[in-house]
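[1] 3D model of this:
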Amino acid sequence: MRGDAHALDDGQVTAAVVLRAVAAARRDLWSAVGGSPDAVSGALSTWAARPPGDDPWSVMMRARADLGLVTHVTAQEWRAGANRPWVVAGQEVFACENPQVLQAAARAGTSMPLLCTSGNPVTVALHALDRLIADGATVRYHGDFDVAGIQIAKRLFDRGVRPWRYAGGDYLDAVVSARLPLGGPVPDTPWSLGLAEVLAAWGSRRLTGPDDGEVTRFLEHGRETAVVRRSSNGGNGAALHAYYALGAVFRYGVDHELIGVRQNVMDRVSKPDEADSKRHGLSPQLVAEILTAARSTGNDRALDALILRFHLETACRTGGALALRRRDLGLDQCLVRLRENGFTQRWQPVSPTLMEYLDHHAREQGARDEDSRVLRFSNGDPLTKKRYETLGNRVGKHVESVRVLGITAHWLRQHGRTVHHHATAAR
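    Modelled structure (predicted):
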């Protein structure tokens, strides 16, 4: 196994992983034949979990969330809620390995659902994650940056969970001590091709180790190996992100007296050049053409027009539109609450016309309660990211500039920000 005759010896990571898997399977087998394995000690911790049902268990979970309480769901309690939806289809749910992450979310009072496995997931945690994915939720997971944490993450990603701040750049942001022991060889990280490389290169280095030449070569390597997309700028963005992340790490070291001011190597490293963004403000004629193409094609034209109008007025990210719920509509003051980039929230003014359309659309498409998502298909299902892709491809067939320039919803966000900036400057 893994090319190592001693991989299953006591104390080896692989041995621990296999034993946990066998133990979980053993509990399921005992339950299947009428045995009584322990159903109350292992638990999944939850924050802001609000199941949409009207049954006593769902009502209880929402009440605890409204009270700002962390709920520990055991295998016994899972049986009570197993056949009930935990979230609205299409909702984004976050999960983590470390209870400190959940504690930080609770202190911040975030309204986004967060689950915590407290280490290697127990059976109830695996059942819950599988059920969330089956119900149509997008589950995003963040684990510890060590060998055991990556092993856990790999198993969860194989079950359909997606990464959450768990890539190479995120690792650099997380290195806030003089040494971060990994505890063994670095496993493959197929969800982030750069993470394993960063861990291998910097995982056990002291802050006093790298010199300015080594950091410069590291930044250049990030530029050369950046993922190429339609909006790529030659890897400059990757190099800048690495520069800012390393700068934050070394500043932390100075601020907490882990290293001296003169030992901050980033003071001697030149900042990579910033490439000009290829995105620019769009002409009123082009915006009109895009809106006309969206309104006149497709199988849900009203929804497509509302999506584009929403991004143009709010300059929000795609995640902000997907996460919008009825409770986020401030009807009286024409404000919408946008949740973007994990736990970030902001209130954004919108026009009375857009607010009226949003409220009408939510009610007409079956948004039953305050936690129901606003943007929905004509059949009542919540909007998904796939719609953005099909919308962009369809509009590109009718508007040449969209196809040639690769204009996306994110470009419309940048256009909206440009318009808002000029409007503010003109006041």
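
[2] any low-confidence regions in the protein?
    Flagging of the chain using pLDDT under 70 yields the residue ranges 1-42, 80-82, 168-205, 227-233, 275-280, 341-343, 416-427.

[3] Tell me which residue lies nearest the centroid of it.
    Central residue of the chain (Cα atoms, centre = their mean): residue 164, 4.4 Å from the mean position.

[4] who touches stretch 284-292?
    Applying Cβ atoms under 8 Å, 6 or more residues apart in numbering, the contact partners of stretch 284-292 are 282, 305, 308-309, 312, 395, 398-399, 401-402, 407, 412, 415. Glycine gets a C-beta too; all of them are placed from N, C-alpha and C.

[5] Give me the buried subset of those.
    Buried subset of those (neighbour count, 16 or more other Cβ atoms under 10 Å): 282, 305, 308-309, 312, 395, 399, 402, 407, 412, 415.

[6] Reformat these as TSV; add distance to residue 261.
    Shown next, in TSV, are the buried ones among the contacts of stretch 284-292 (distance: Cβ to Cβ, whole Å):
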residue	distance to residue 261
282	46
305	56
308	50
309	51
312	47
395	53
399	54
402	50
407	46
412	44
415	43
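
[7] And these, which is closest to residue 95?
    Nearest to residue 95 out of the buried ones among the contacts of stretch 284-292 is residue 412 (Cβ to Cβ; 30.6 Å).

[8] which residues touch the residue nearest to the closest one when sequence neighbours are not counted?
    Once flanking residues are discounted, residue 412 sits nearest to residue 311: 4.6 Å by Cβ to Cβ, 6 or more residues apart in numbering. Contact analysis of residue 311 by Cβ under 8 Å, 6+ apart lists 321, 409, 412-413, 416.

[9] How about residue 121?
    Taking Cβ under 8 Å, 6+ apart, one finds 44, 129, 152, 156 in contact with residue 121.

[10] Secondary structure element holding the first one?
    With the criterion set as DSSP states H and E, the secondary-structure element containing residue 44 is strand 43-47.

[11] Please apply the same query to residue 58.
    Counting by DSSP H and E, residue 58 is part of helix 56-66.

[12] So which bits of that helix are buried?
    58, 61-62, 64-65.

[13] do stretch 362-372 as well
    Result for stretch 362-372 [16+ other Cβ under 10 Å]: buried residues 362, 365, 367, 371-372.

[14] Throw those into TSV and include distance to residue 298, thanks.
    Listed next are the buried residues of stretch 362-372 as TSV, based on distance: Cβ to Cβ, whole Å:
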residue	distance to residue 298
362	20
365	16
367	21
371	28
372	23
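
[15] Include distance to residue 274 and secondary structure when you put those into JSON lines, please.
    Output for the buried residues of stretch 362-372, formatted as JSON lines (distance: Cβ to Cβ, whole Å; DSSP: H, G, I helix; E, B strand; the rest coil):
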{"residue": "362", "distance to residue 274": "40", "secondary structure": "helix"}
{"residue": "365", "distance to residue 274": "42", "secondary structure": "coil"}
{"residue": "367", "distance to residue 274": "42", "secondary structure": "coil"}
{"residue": "371", "distance to residue 274": "41", "secondary structure": "coil"}
{"residue": "372", "distance to residue 274": "42", "secondary structure": "coil"}
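
[16] Residue 379: which of those residues is nearest?
    Of all the buried residues of stretch 362-372, residue 379 sits closest to residue 365, with 8.5 Å by Cβ to Cβ.

[17] thinking that closest one is in contact with residue 376, fair?
    Yes. Using Cβ atoms under 8 Å, residue 365 is in contact with residue 376, at 3.8 Å.

[18] picking that back up, of the buried residues of stretch 362-372, just say which sits nearest to residue 73.
    For the buried residues of stretch 362-372, the closest approach to residue 73 (Cβ to Cβ) belongs to residue 371, at 18.5 Å.

[19] Tell me how far that closest one lies from residue 264.
    Separation of residue 371 from residue 264 (Cβ to Cβ, to the nearest Å): 46 Å.

[20] ok, now residue 322?
    Taking Cβ to Cβ, one finds residue 322 at 40 Å from residue 264.

[21] Look at these two and report which has more neighbours.
    Just comparing residue 322 and residue 264: by other Cβ atoms under 10 Å the higher neighbour count belongs to residue 322, 22 against 18.

[22] Tell me who's in contact with that one.
    Applying Cβ under 8 Å, 6+ apart, the residues near residue 322 are 90, 92, 373, 375, 382-385.

[23] Relative to residue 382, how far out is it?
    8 Å.

[24] between these two, what contacts are shared?
    Common neighbours of residue 322 and residue 382 (Cβ under 8 Å, 6+ apart) are 90, 373, 375.

[25] Residue 348 should be in a strand, yeah?
    Yes. Per DSSP: H, G, I helix; E, B strand; the rest coil, residue 348 lies within a strand segment.

[26] That one contacts residue 314, doesn't it?
    Yes. Counting by Cβ under 8 Å, residue 348 touches residue 314, with 4.7 Å between them.

[27] my guess is residue 235 meets residue 219, correct?
    No. At 9.8 Å, residue 235 does not count as touching residue 219 under the criterion of Cβ under 8 Å.

[28] coming back round to it: in helices only, show me the buried ones among the contacts of stretch 284-292.
    Judged by DSSP state H, the buried ones among the contacts of stretch 284-292 include 305, 308-309, 312, 395, 402, 412, 415 as members of helices.

[29] So which of the contacts of residue 322 sit within helices?
    Short answer: these in helices (DSSP H) are residue 385.

[30] which among the contacts of residue 322 gets closest to residue 101?
    Closest to residue 101, out of all of those and judged by Cβ to Cβ, is residue 92, at 16.0 Å.

[31] Residue 51 and residue 376, how far apart?
    Distance of residue 51 to residue 376, given as Cβ to Cβ: 19 Å.

[32] and if you look at residue 306?
    Separation of residue 306 from residue 376 (Cβ to Cβ) stands at 10 Å.

[33] where do the contact lists of those two overlap?
    residue 361.
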